[in-house]
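Visitor: sequence plus the predicted model coming up.
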Amino acid sequence: MVVKTLSFLRQHQTKGLFGDCILPFFCTQSLRTHSTPFASTLKEFKDIPGPGGLAQWPVVGSLFNFKPFTHFTPANLDKLIEYMVYRYGPIVRLQLSGPKVILSNPKDLEIVYQHEGRYPIRPATDLGSLYCQRNNVPGGFAEVQGEDWYALRSPANKFLLRADCAAQYLSVQDVVAQDFADLLEKSQCNPEELAGLFFRYASESNGVVCFNTRLGCLRDINTRNPETERFLNAMAQVFLQLQNSVSGKSVAHKFYRNKTYKLYEEACNTVHEISSKHLKNALNRVKQEQAKDSLSLNEFTLLNSMIKEESLTLSQIQVILSALHNAGTESTAKNMQVLFYNLARNPDKQEKLYEEIQATVEQDQPITKDALAQMPYLRACLKESFRLIKPTIFSTHRVLNEDVVIQGYRIPAGIPLVFTQVKCCSEYFSEPEKFIPERWLRSYGNRKLENPPPAFVNLPFGHGPRKCLGWRFAEQEIYLATVRVLQKLRIHIQPESENCGFKYLIFVEPVKPISFYFTKREKHNG
Ligand code: HEM
């Protein structure tokens, strides 16, 4: 097997499939570290460092990682993983509902990505898969693998991988961002309700992309549409129950339709029902406008690109658009709050960003693609916020179809590899706990970045063919909201949120809702 793996690596290197990176890295890192002859340095899977004894037993071994044997619970799995990396190093083998390998060195992540193949496998949450199996409904991007995944991903890629896709929606998403800023200006919300406003913003902004319509999520409380409210509540319920399923609050859903499962199923059905309606309406509008000759399918929109895909059925279009809307809402809402939190805690950086905005965009003028391109500090602030909070999602896994050699250990195909980036912060960044957007600027303090961090050190949207499909939209939505809010308001947090912790269940999220408050900026006249 060892020889097979090595010959595989050699073979592909000579073929150039992995560029010239894999084998040299393998040689310099793994073999040099252990400085023994080539094949004999390969160590077996069972020798990977990690908790020993009963903790490695199949099935029951997982239990020994948690209370009462340790002080960790499934709800703070990220802390357990952080501890494991601290205790055992960059590669750790442990039982977590089956054997897993935790990797934290960016160079090892790179190796995994190089081996993930055409159809990368990211294991789904069991609640999502159970829902599809028990109801015999097709899965979205998160639930499907292999060719089924590719059948969804490839038509979506045609639009979403184009560099200019988000720019098509810039003006309409800008209006959504202005509505959000207006709402924050007027709001007298408690922290939970405020967190809900971020969720509403992300849903509204993604709605214009996925369903070509304003869903009405940002309407004033008195004019809200009951169906939109039902939609928002159902989407929030989907994430809540997913969190319950991964945080150990529900285990029995695997065996029968327990409360968590039933709530999840009901919420998924509601999301499906309402998103089907939105899609039907959007398609009708397209037909009407085509009949009037006022719309050409050549207009570059997500919906048009789906309609033009002859291989796609209506139900597949529905799955793709609904999955995009769901995947993009909670993730964007949560990461946006993290950015606002970092800006609130660093008023000097917030003012510096405000100055950049003032110099680039007029308050009553639309935000253009060029204007966004001229705001490097805005981009640096988001990048730094992602770095500080990472991972943005708990957590990116891959399962490889082939054996791989990492840190000198042979990891058999099929073992889930869990990526975490806890340690690399201090290794690659000075003052890693500080929010320093400047570190991402080409010149930092008038000197060129001497040791730029390795490429795989900060991957908020993942990497490779299975990378986040909506990353351009996520960034655009966060940029627009930040610009429109800062033009009007200063972002602050109450002292009780000063050191709010974050947890990672599905997406990153504050342990307690953040107590933001906003003060109006005096109007500038140019
Ligand atoms: C700040 C906001 C967001 C963050 C941090 C984020 C992050 C991620 C990450 C880390 C993944 C897994 C990638 C991997 O396995 O390599 C992912 C997957 C995905 N994201 Fe996002 N995302 C965000 C917003 C969005 C938005 C706005 C959309 C849609 C408009 C979206 C759609 C998706 C989809 C469909 C997938 C599954 C892709 C697949 O399995 O093929 N995301 N996202």
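Guide: Arrived safely, thanks for sending. Numbers count the residues shown, from 1 in each chain.
Visitor: C-alpha only now, for contacts and for neighbours.
Guide: OK.
Visitor: in which helix or strand would I find residue 196?
Guide: Assigning secondary structure by DSSP states H and E places residue 196 in helix 191-210.
Visitor: so which elements touch the next helix-or-strand element following that helix?
Guide: Using DSSP H and E, the helix or strand that directly follows helix 191-210 along the chain is helix 226-246. For helix 226-246, the packing partners by 3 or more Cα pairs under 8 Å, 6 or more residues apart in numbering; DSSP states H and E come out as helix 126-135, helix 259-291, helix 314-345.
Visitor: again, only using 10 Å
Guide: helix 126-135, helix 191-210, helix 259-291, helix 314-345 (3 or more Cα pairs under 10 Å, 6 or more residues apart in numbering; DSSP states H and E).
Visitor: just the closest residue of the stretch 251-400 of the chain to the ligand, please.
Guide: residue 328 (3.2 Å; Cα to the nearest ligand atom).
Visitor: and the strands in the protein, which stretches?
Guide: Assigned by DSSP state E, the chain shows strands spanning 17-20, 91-95, 99-103, 397-399, 404-406, 409-411, 416-419, 443-444, 447-448, 489-493, 502-504, 508-510, 516-520.
Visitor: can I get these in TSV with mean neighbour count?
Guide: Below are the strands of the chain laid out as TSV (neighbours: other Cα atoms under 10 Å):
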stretch	mean neighbour count
strand 17-20	14
strand 91-95	22
strand 99-103	22
strand 397-399	21
strand 404-406	22
strand 409-411	20
strand 416-419	22
strand 443-444	12
strand 447-448	10
strand 489-493	20
strand 502-504	19
strand 508-510	21
strand 516-520	17
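Visitor: dump those into TSV; add mean pLDDT and distance to residue 185 as well.
Guide: Output for the strands of the chain, formatted as TSV (pLDDT from 0 to 100; distance: least, Cα to Cα, whole Å):
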stretch	mean pLDDT	distance to residue 185
strand 17-20	25	51
strand 91-95	95	48
strand 99-103	94	44
strand 397-399	93	40
strand 404-406	97	51
strand 409-411	97	53
strand 416-419	93	39
strand 443-444	63	34
strand 447-448	48	39
strand 489-493	97	7
strand 502-504	83	26
strand 508-510	86	22
strand 516-520	95	7
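Visitor: can you check which of these gets nearest to the ligand?
Guide: Using Cα to the nearest ligand atom, the strands of the chain put strand 397-399 closest to the ligand, at 6.7 Å.
Visitor: quick one: is that closest one near the ligand?
Guide: No - taking Cα under 6 Å from any ligand atom as the criterion, strand 397-399 and the ligand are apart, separated by no less than 6.7 Å.
Visitor: what helices or strands is that strand leaning on?
Guide: Secondary elements touching strand 397-399 (3+ Cα pairs under 10 Å, 6+ apart): strand 99-103, helix 106-114, strand 416-419.
Visitor: separation between residue 192 and the ligand?
Guide: 20 Å (Cα to the nearest ligand atom, to the nearest Å).
Visitor: residues near that residue, how many?
Guide: Using other Cα atoms under 10 Å, residue 192 has 12 neighbouring residues.
Visitor: ok, and the closest non-adjacent residue to it?
Guide: With sequence-adjacent residues excluded and distances taken as Cα to Cα, 6 or more residues apart in numbering, residue 192 is closest to residue 513, at 5.7 Å.
Visitor: okay but that neighbour is in contact with residue 498, surely?
Guide: No - Residue 513 sits out of contact with residue 498 when judged by Cα atoms under 10 Å, with a separation of 11.8 Å.
Visitor: having no further points to raise, I will conclude here.
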